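> all I have is the shape, not the residue letters:
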């Protein structure tokens with residue numbers, strides 16, 4: 001059989017709006033790569049991200065450019081990694097290949113990834129950036145969830161994080177500044193997070209402008225997000241970060257994400273597995289990497305007004321391994 005490729009752009013409305021330091025969105029725009037080999041079909045989903053110079057049209061074109069290579073029976077995930085750089089396009093194709101391999105061989109992706117019995121995991125639930133008053137209300141509404149991820153934005157963050165702690169006094173808190181802090185407000189924002197009992201801070205300073213983190217005396221894990229894409233980035237981060245956020249859309253798929261997780265463990269870094277705002281199809285392969293993670297942030301479908309059917313099963317903040325009809 002000859003493998004065939006189809007690429008589609010799909011839109012899923014977000015419940016309300018999703019706001020971070022870089023802006024606000026009301027829908028998730030995802031790109032799906034579908035690989036068919038006879039009656040067997042594999043799928044992978046990605047989310048193009050402007051922060052990394054990606055556009056929907058550019059990602060679609062990059063995926064479609066791989067189509068001629070599929071005629072080679074030897075084309076596999078290793079060849080894909082040499083053909084495309086890490087990023088959204090490679091992620092969609094890498095995950096589609098994992099799914100297709102599982103369908104053809106009858107061996108679940110989890111077994112191929114070395115995971116015998118995946119378990120349900122507690123995921124963080126994200127609170128969008130807003131005023132202290134709006135974030136207080138959002139925290140109160142989500143106070144029963146065990147782990148909240150708080151989007152911050154720079155100046156005014158001490159008031160925001162204090163409001164969230166007031167609204168959710170019993171929840172574990174992690175925060176994501178999305179590169180919005182600067183050296184001038186770093187100390188004040190760190191102190192406010194410490195006072196609120198925050199456990200982890202994602203990417204407080206811009207990637208490439210984070211020298212102030214060197215030798216930082218802090219009781220909170222500082223997690224590289226925008227600064228980390230592939231395993232090759234790890235060595236340069238160790239003097240500034242104690243944790244890394246692995247996202248398949250940055251890494252270029254499940255294959256590289258698993259490699260990052262192994263390398264991060266060897267480097268004695270804590271591991272967080274995160275996501276862009278996407279559907280259950282994007283979360284499913286990430287759940288395999290997350291099985292051994294310290295922090296899981298795979299709440300994309302919880303932020304949508306509607307998800308795929310079938311999708312992942314969420315019971316509150318507990319997310320269950322994917323059904324075979326979805327992926328893997």
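Received it, and whenever you're ready, just let me know what you need. Note that the structure is a prediction, hence the values are computed from the model and not measured.
> residue 148 is in what secondary structure piece?
In the assignment (DSSP states H and E), residue 148 maps to strand 147-151.
> residues near residue 28, how many?
Neighbours of residue 28 under the rule other C-beta atoms under 10 Å: 23. No exception for glycine: its C-beta is placed from N, CA and C like everyone else's.
> can you name every helix or strand that the longest helix seen in the chain contacts?
The longest helix of the chain (DSSP state H) is helix 88-105. For helix 88-105, the packing partners by 3 or more C-beta pairs under 8 Å, 6 or more residues apart in numbering; DSSP states H and E come out as strand 23-37, strand 40-46, helix 56-64, helix 77-83, helix 109-112, helix 248-251, helix 254-266.
> in the third one, what counts as buried?
Neighbour-count burial for helix 56-64, with 16 or more other C-beta atoms under 10 Å as criterion, is recorded at 56, 59-60, 62-63.
> so which residues of the stretch 201-328 of the chain form strands?
221-224, 243-246, 270-273, 295-296, 314-315, 318-319 (DSSP state E, counting those that start in this stretch).
> please convert the buried residues of helix 56-64 to JSON lines, extending it with distance to residue 306 and pLDDT.
As requested, the buried residues of helix 56-64 are arranged in JSON lines below (distance: C-beta to C-beta, whole Å; pLDDT from 0 to 100):
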{"residue": "56", "distance to residue 306": "20", "pLDDT": "98"}
{"residue": "59", "distance to residue 306": "23", "pLDDT": "98"}
{"residue": "60", "distance to residue 306": "23", "pLDDT": "98"}
{"residue": "62", "distance to residue 306": "28", "pLDDT": "98"}
{"residue": "63", "distance to residue 306": "24", "pLDDT": "98"}
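> on that earlier part again, run through who's touching the strand holding residue 148.
For strand 147-151, contacts defined as C-beta atoms under 8 Å, 6 or more residues apart in numbering pick out 19-21, 122-129, 135, 139, 142, 160-161, 164, 168, 171-176, 178, 198, 295, 297, 299, 317.
> hmm, who's touching the helix or strand following it?
The first helix or strand that comes after strand 147-151 along the chain, using DSSP H and E, is helix 157-167. Residues outside helix 157-167 that contact it (C-beta under 8 Å, 6+ apart): 127, 129-133, 135-140, 143, 148, 150, 152-153, 173, 175, 177, 181, 185, 188-189, 191-193, 195-198.
> again, but for stretch 8-26
Against stretch 8-26 from outside (C-beta under 8 Å, 6+ apart): 27-32, 34, 51, 56, 60, 126, 128-130, 151-154, 176-180, 277-279, 303-307.
> which of those residues are buried?
Among these, the ones that count as buried by 16+ other C-beta under 10 Å are 28, 30-32, 34, 56, 60, 126, 128-130, 151-154, 176-180, 277-279, 303-304, 307.
> where does the stretch 201-328 of the chain have low pLDDT?
Regions of the stretch 201-328 of the chain meeting the criterion pLDDT under 70 are absent.
> and stretch 54-65, how far out from the chain's middle?
Distance, stretch centre to chain centre, for stretch 54-65: 20 Å (C-alpha atoms, centre = their mean, to the nearest Å).
> check contacts around the most centrally placed residue in the chain.
When C-alpha atoms, centre = their mean is applied to the chain, the residue found nearest the centroid is residue 275 (1.8 Å). By C-beta under 8 Å, 6+ apart, the residues touching residue 275 are 247-249, 282-283, 286, 297-300.
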